[in-house]
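Participant: Structure of the sequence below:
(2 chains)
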Amino acid sequence: MTLAMTKDQAADADIKIRLRGLSKVFDTKSGPFVALEPMNLDIPTGCFFMIVGPSGCGKTTLLRILAGLEDRSSGTMEIAAPAKGRPSNSMVFQGDSLFPWMTVFENAAYGLRMRRLPEGEIRDVVGHYLQRTGLSKFHESYPHQLSGGMRQRVSIARAFANDPDILLMDEPFSALDEQNKILLQEELLRIWEETRKTVMFITHSVDEAVTLGDRIMIMTAHPGRSKLIVDVPFERPRRVLELRAQPAYGELVYSIWGHLRDEVQRARAQDEGSAK
Amino acid sequence: MTNIAEKEAVPPRATSGFSISRDTVERLLNFASPVFLLLLWEIAARTGFIDVRFFPAPSKIFEQLVVLAKDGSLWVNFAASMQRLFWGFLFGGVPALVLGVTMGLSRTLRMLVEPLISATYPVPKSAILPLVLLIFGLGEASKIVMVAIGIFYPIVINSMAGVLEINKIHFDVSRNFGASRWQVFRTVALPGAMPLILTGVRLGIGLGLVLISLAEIVGAKSGLGYMMWNAWEILSVETMYVGLLVIAILGIAFSLAITELERIIVPWKRGR
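Facilitator: Below you'll find the model as predicted:
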């Protein structure tokens, strides 16, 4: 499955998420703050969609709107209805989002428990994803007994176990060291290959975007809007290190950086301006 | 001394062995000071250094304890106080917990109720005893109400503070995973606030003991407070000390029980 296909069929492929003129303005004490300028976006079913952009560009806001944690200010948001009994989306949050008062198992089972699934099914599903993330031995541990990388794996297991139509991931690996990050990216790709869900994944890292994604949306500095959408032509299933050894990988990273650099510099100038 | 300790601490086994023995030493020291004080008291009483009419020897107090235990009156009074504590705790603590957690969850409710709590909290609970006696009479109800009022405040305040201290991300997670209001209460607010709630319970029980003694002194025909007041009237100083001793032991026992409870219901706070 190559990206050429997604590109050619984008018009008629079934679209999972369709945004038209979606924007977000926050009311602050110093007046309205435009977090997102009106955005149009189509994300096909099964697409691993990456969003990169400088800090403060509104990418997390976009994800939170999709997750139902934030209201939009204008525009429309169409999300294809999930199969019956299936949740529309589950989010892997940035930072520590595990419940410290629950064991690894209970954390991973959270979505299923909220949906009141039968106990046997919960055990099977959660057991599967804990095994896939290498956490079976730790199912009775509490989050504070785990390393940062292990905690983030529980968070991923929690989202996958919930079996949502769409996975939303908000910089899930940003707090991890490089070695752990690569291992988790490989794990994520392996688990994703089983189901090929639609994924919307935010990252700071161009490397991560090219490694994981089918498509990459580059966002502008504040106020955020889509600057460019790039297709990633690499075949799946991918192996992170093999992929990075290819010359084409470096070229793509380089060209995306070219588009992103201006935005990062603008964001920096804004920060310096507001600091004065 | 410290030099020796450091040298011995080099191999890992020695470290743990040494620290355990240090633990034991500390525990012994904890026991040593009260025992030493009692011993001193006993000697002072027997040699007539202190007035035994006010400070009877510990051995005499202990003898009286045995007497009261044998004739059953200690148990009757102990049971009466415990029952009032129990009902007071139930009627004061449970609503306080529900109200406090809900206030932590709902900004509107917080805005409505918090001023009432802040306004009434500083009133000394002992000062409202006459009013409580007037409203609820001299029977069981007034004692239970006093305990309930004492326990209500620390628990409602701590429950609310406990919920407000929970990281916002946990509420986002529960919303994203489709939790209902009741599920948010049960899976996020209540367990997240539990460490502070237990601190509230600890404070509440201490206050409950104070208030039950007081309420029983003023208007009761049973209970540890009544026992002590009655002892004053018949000048049985030893019995007064027995009452104090039992209440002190109760306080320690409750405190230990809550520590144990913390280990069981908030295991995730261990080692933090």
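
Participant: only C-alpha atoms for contact and neighbour calcs from this point on.
Facilitator: Noted.

Participant: Can you pull the residues of chain A lying near chain B?
Facilitator: With CA under 8 Å from any CA of the partner chain as the criterion, chain A meets chain B at residues A:67-69, A:89-91, A:93, A:97-102, A:110-111, A:114-115, A:142, A:144.

Participant: In the helix of greatest length in chain A, which residues are buried?
Facilitator: Looking across chain A with DSSP state H, the single longest helix is helix A:247-275. Under the neighbour-count criterion of 16 or more other CA atoms under 10 Å in any protein chain shown, helix A:247-275 has A:249, A:252-253, A:256-257, A:260, A:263-264, A:266-267 buried.

Participant: circling back to that earlier point, out of the residues of chain A next to chain B, which are buried?
Facilitator: A:67, A:89-91, A:93, A:97-102, A:110-111, A:114-115, A:142, A:144.

Participant: Distance from stretch A:21-36 to the middle of the chain?
Facilitator: Stretch A:21-36 has its C-alpha centroid displaced from the chain centroid by 23 Å (CA atoms, centre = their mean, to the nearest Å).

Participant: Identify all contacting residues around that stretch.
Facilitator: Applying CA atoms under 8 Å, 6 or more residues apart in numbering or on different chains, the contact partners of stretch A:21-36 are A:37-40, A:57-58, A:61-62, A:71-77, A:222-225.

Participant: Quick check: residues of chain B near chain A?
Facilitator: Residues of chain B lying near chain A by CA under 8 Å from any CA: B:169-170, B:172-173, B:175-180, B:183, B:188, B:191-192, B:266-269.

Participant: which of those are buried?
Facilitator: Listed as buried from the residues of chain B next to chain A are B:169-170, B:172-173, B:175-179, B:183, B:188, B:191-192, B:266-268; burial here means 16+ other CA under 10 Å.

Participant: so of the contacts of stretch A:21-36, which ones are in helices?
Facilitator: Among the contacts of stretch A:21-36, the residues falling in helices (DSSP H) are A:61-62.

Participant: Whichever of the contacts of stretch A:21-36 end up buried, select them in ChimeraX.
Facilitator: Applying 16+ other CA under 10 Å to these leaves a buried subset, and the ChimeraX line that selects it is:
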select /A:37,38,39,40,57,58,61,62,72,73,76,77,222,223,224,225
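
Participant: Narrow the contacts of stretch A:21-36 to those in strands?
Facilitator: Residues of the contacts of stretch A:21-36 located in strands (DSSP state E): A:37-40, A:74-77.

Participant: Which residues outside stretch B:76-84 are in contact with it?
Facilitator: For stretch B:76-84, contacts defined as CA under 8 Å, 6+ apart pick out B:140, B:143-144, B:147, B:212, B:222-224, B:226-227.

Participant: can we see that at 6 Å?
Facilitator: The contact list for stretch B:76-84 (CA atoms under 6 Å, 6 or more residues apart in numbering or on different chains) reads B:144, B:222-224.

Participant: Among these, which one sits closest to A:Ile15?
Facilitator: A:Ile15 has its nearest neighbour among the contacts of stretch B:76-84 in B:Ile144, at 64.5 Å by CA to CA.

Participant: tell me which element the closest one falls in.
Facilitator: Secondary structure assignment for B:Ile144, by DSSP states H and E: helix B:140-164.

Participant: Name the residues that touch that helix?
Facilitator: By CA under 6 Å, 6+ apart, helix B:140-164 touches B:84, B:88-89, B:91-93, B:96-97, B:100-101, B:103-104, B:132-133, B:136, B:189, B:193, B:196-197, B:200-201, B:204, B:207-208, B:211, B:215.

Participant: So the closest residue to A:Gly127 other than its chain neighbours versus chain B, what's the distance?
Facilitator: Among residues not flanking A:Gly127 along the chain, A:Ser136 sits closest, at 7.0 Å (CA to CA, 6 or more residues apart in numbering or on different chains). Plainly put, A:Ser136 is 19 Å away from chain B if you go by CA to the nearest CA, to the nearest Å.

Participant: just checking, A:Ser136 touches A:Leu130?
Facilitator: Yes - the criterion here is CA atoms under 6 Å, and A:Ser136 meets it with A:Leu130 at 5.2 Å.

Participant: which of those two has more neighbours?
Facilitator: Taking other CA atoms under 10 Å in any protein chain shown, A:Ser136 and A:Leu130 do not tie; A:Leu130 has more neighbours (24 against 16).

Participant: For the more buried one, report the pLDDT, please.
Facilitator: In this model, A:Leu130 is scored at 93, pLDDT.

Participant: swap in B:Asn3?
Facilitator: 47.

Participant: Chain B: which of the ones in strands among the contacts of stretch A:21-36 is nearest?
Facilitator: A:Met77 (17.1 Å; CA to the nearest CA).

Participant: how about the residue nearest to that closest one when sequence neighbours are not counted, secondary structure?
Facilitator: In this structure, A:Met77 finds its nearest non-sequential neighbour in A:Leu19, 4.7 Å apart by CA to CA, 6+ apart. Put simply, A:Leu19 is strand when judged by DSSP: H, G, I helix; E, B strand; the rest coil.

Participant: burial of A:Leu19, as a residue count?
Facilitator: Applying other CA under 10 Å, we find 18 other residues in the vicinity of A:Leu19.

Participant: Surely it touches A:Pro44?
Facilitator: No - between A:Leu19 and A:Pro44 there is no contact under CA under 6 Å: 11.9 Å.

Participant: Neighbours of A:Val125, how many?
Facilitator: 19.

Participant: Residue of the stretch 151-276 of chain A closest to chain B, please.
Facilitator: Counting by CA to the nearest CA, the stretch 151-276 of chain A gets nearest chain B through A:Asn162, at 8.1 Å.

Participant: looking at it, that residue is touching A:Tyr110, isn't it?
Facilitator: No - judged on CA under 6 Å, A:Asn162 makes no contact with A:Tyr110 at a distance of 8.0 Å.

Participant: Regarding B:Leu39, what is its secondary structure?
Facilitator: B:Leu39 - assigned by three-state DSSP - is helix.

Participant: Could I get the pLDDT score of it?
Facilitator: pLDDT, B:Leu39: 92.

Participant: What of B:Pro191?
Facilitator: With respect to pLDDT, B:Pro191 scores 96.

Participant: Relative to A:Gln152, how far out is the residue nearest to A:Gly127?
Facilitator: Using CA to CA, to the nearest Å, one gets 15 Å for the distance from A:Ser136 to A:Gln152.
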